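Undergrad: sharing a sequence plus its predicted fold:
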Amino acid sequence: MENSGFYRQLCEILSPEQVLCQEPMSRHTTFRTGGPADYFVMPRTEQAAEVLKLCRQEGVPCQITGNGSNLLAGDRGVRGVVLAFTKQAAHIQVNGNRVTATAGALLSQTAAEAYRAGLGGMEFAAGIPGSAGGAVVMNAGAYGGEIKDILSRVKVLTKEGKTLTMECDKLDLSYRHSCIPGRQLIVLETEFELHPAPQEEIKARMDDLSRRRMEKQPLEFPSAGSTFKRPEGNFAGRLIMEAGLSGVTAGGAQVSEKHCGFIINTGNASSADILKLIRLVQQKVQQNSGVKLEMEVKCIGEF
């Protein structure tokens, strides 16, 4: 694999340290599951366009990921390239009331920089484990806050390889939705508009939300956070509990007894175990309540 012409072409764009062959996705997802990606590449933001151009030219499929916090990768691996915006594509800058974060910057680190600058409004994001780019793609949110509430604009790469700046109101942001996947756009950089606030107030809010997470969520186990989207007028966790599924398992995967909206890896789960349990939960909840739960987690690769 490493001697292939495609590998050599990747290494002409990136350094060899940025290109991993047959890299287990279990190392790059918060579920801690997933088979090998043919090529796992970690470009800097400005290198992404060249990698994508090469993939198009060579007919190699390419999946874009961030921190792997909302991802279920198949046990048989991912064919082609997984382009991951990680620490190589992580840069955060504060300018007045605006915080700019490149795609690979962790949302938690971005919120921490905002706190240090005395900027409020991003406290809800401090405990979200994803990247800034991924958070925009799915309009991530928690505890009453959403990315759309604080986002001003994004820089994106089009499928034709052009860089565009788009204002927040052009992204069709709604609950766990944006137009970005449908338009085959790739987020390169985000800009958040915040407001000055006393640091002690920001810290108190962040600490309060952290305590609430620790009390109510199974943070001691690998998971992808909320497995399902919130049904209109209800809560996935409540519907799952009412269907009698708390603690139900499939192999090493389990519906968390602490929060039924989370499916967790108890230590030796496969991605197939997790997907099997997701399907079971969807089936039983629909039978019990008539509600079809929609996955919040994205599946990639071969199962």
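TA: Great, that's in hand. Remember, predicted model here, so these are calculated numbers, not experimental data.
Undergrad: contacts and neighbour counts: CA atoms only from here.
TA: Will do.
Undergrad: for residue 20, pull up the helix or strand it's in.
TA: strand 19-24 (DSSP states H and E).
Undergrad: so what touches that strand?
TA: Under the criterion Cα atoms under 8 Å, 6 or more residues apart in numbering, residues 1-2, 10-11, 34-42, 77 lie in contact with strand 19-24.
Undergrad: repeat the analysis, applying 6 Å as the threshold.
TA: 35, 36, 37, 38, 39, 40, 41 (Cα atoms under 6 Å, 6 or more residues apart in numbering).
Undergrad: skip the chain neighbours and tell me the closest residue to the third one.
TA: This means residue 37. Spatial nearest neighbour of residue 37, chain neighbours left out: residue 78 (4.5 Å); criterion: Cα to Cα, 6 or more residues apart in numbering.
Undergrad: how close does the one you found get to residue 57?
TA: Separation of residue 78 from residue 57 (Cα to Cα, to the nearest Å): 19 Å.
Undergrad: what of residue 46?
TA: From residue 46 to residue 57 the distance is 19 Å (Cα to Cα).
Undergrad: next one: residue 37
TA: 20 Å.
Undergrad: comparing the two, which residue is more hemmed in?
TA: residue 37 (24 against 9; other Cα atoms under 10 Å).
Undergrad: quick one: buried residues of whatever helix or strand the more buried one lives in?
TA: Per DSSP H and E, residue 37 falls inside strand 36-41. For strand 36-41, the neighbour count (16 or more other Cα atoms under 10 Å) marks 36, 37, 38, 39, 40, 41 as buried.
Undergrad: surely the third one meets residue 79?
TA: It stands for residue 38. Yes. Assessed by Cα atoms under 6 Å, residue 38 is found in contact with residue 79 at 5.5 Å.
Undergrad: ok so residue 154 is a strand residue?
TA: Yes. Judged by DSSP: H, G, I helix; E, B strand; the rest coil, residue 154 forms part of a strand.
Undergrad: the closest residue to it other than its chain neighbours: what secondary structure?
TA: Of all residues not flanking residue 154 in the chain, residue 190 sits nearest, at 4.5 Å (Cα to Cα, 6+ apart). State at residue 190, reduced to three classes by three-state DSSP: strand.
Undergrad: who's residue 190 bridged to?
TA: residue 101, residue 154 (DSSP bridges).
Undergrad: neighbours of it, just the number please.
TA: 25.
Undergrad: who's in contact with it?
TA: Contacts of residue 190 (Cα under 6 Å, 6+ apart): 100, 101, 102, 154.
Undergrad: the second one and residue 10, how far apart?
TA: For residue 101, the distance to residue 10 (Cα to Cα) stands at 26 Å.
Undergrad: more neighbours: which of those two?
TA: Taking neighbours as other Cα under 10 Å, residue 101 and residue 10 compare with residue 101 leading, 26 against 19.
Undergrad: and that one, what does it touch?
TA: Listed by Cα under 6 Å, 6+ apart, the contact set of residue 101 reads 91, 92, 189, 190.
Undergrad: where along the stretch 101-250 of the chain do the strands fall?
TA: All strands of the stretch 101-250 of the chain, identified by DSSP state E, counting those that start in this stretch, fall at 119-120, 141-142, 145-146, 151-157, 163-167, 186-193, 195-196, 249-250.
Undergrad: want to throw the ones you listed into CSV with mean pLDDT and distance to residue 272?
TA: Shown next, in CSV, are those (pLDDT from 0 to 100; distance: least, Cα to Cα, whole Å):
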stretch, mean pLDDT, distance to residue 272
strand 119-120, 98, 41
strand 141-142, 93, 27
strand 145-146, 96, 31
strand 151-157, 98, 33
strand 163-167, 97, 37
strand 186-193, 97, 28
strand 195-196, 98, 44
strand 249-250, 98, 9
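Undergrad: tell me the angle of the strand holding residue 37 relative to strand 19-24?
TA: Put simply, strand 36-41 runs at 150 degrees to strand 19-24, going by axes from the mean of the first three to the mean of the last three Cα atoms, to 10 degrees.
Undergrad: what are the pairing partners of the lowest-mean-pLDDT helix or strand in the chain, and which direction each?
TA: When each helix and strand of the chain is scored by mean pLDDT, DSSP states H and E, strand 141-142 comes last, with a mean of 93. Applying DSSP bridges, strand 141-142 is found paired with strand 145-146 (antiparallel).
Undergrad: any chance of the strands of the stretch 101-250 of the chain in a markdown table, with distance to residue 50 too?
TA: Converted to a markdown table, the strands of the stretch 101-250 of the chain look like this (distance: least, Cα to Cα, whole Å):
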| stretch | distance to residue 50 |
| --- | --- |
| strand 119-120 | 35 |
| strand 141-142 | 32 |
| strand 145-146 | 32 |
| strand 151-157 | 11 |
| strand 163-167 | 12 |
| strand 186-193 | 13 |
| strand 195-196 | 37 |
| strand 249-250 | 42 |
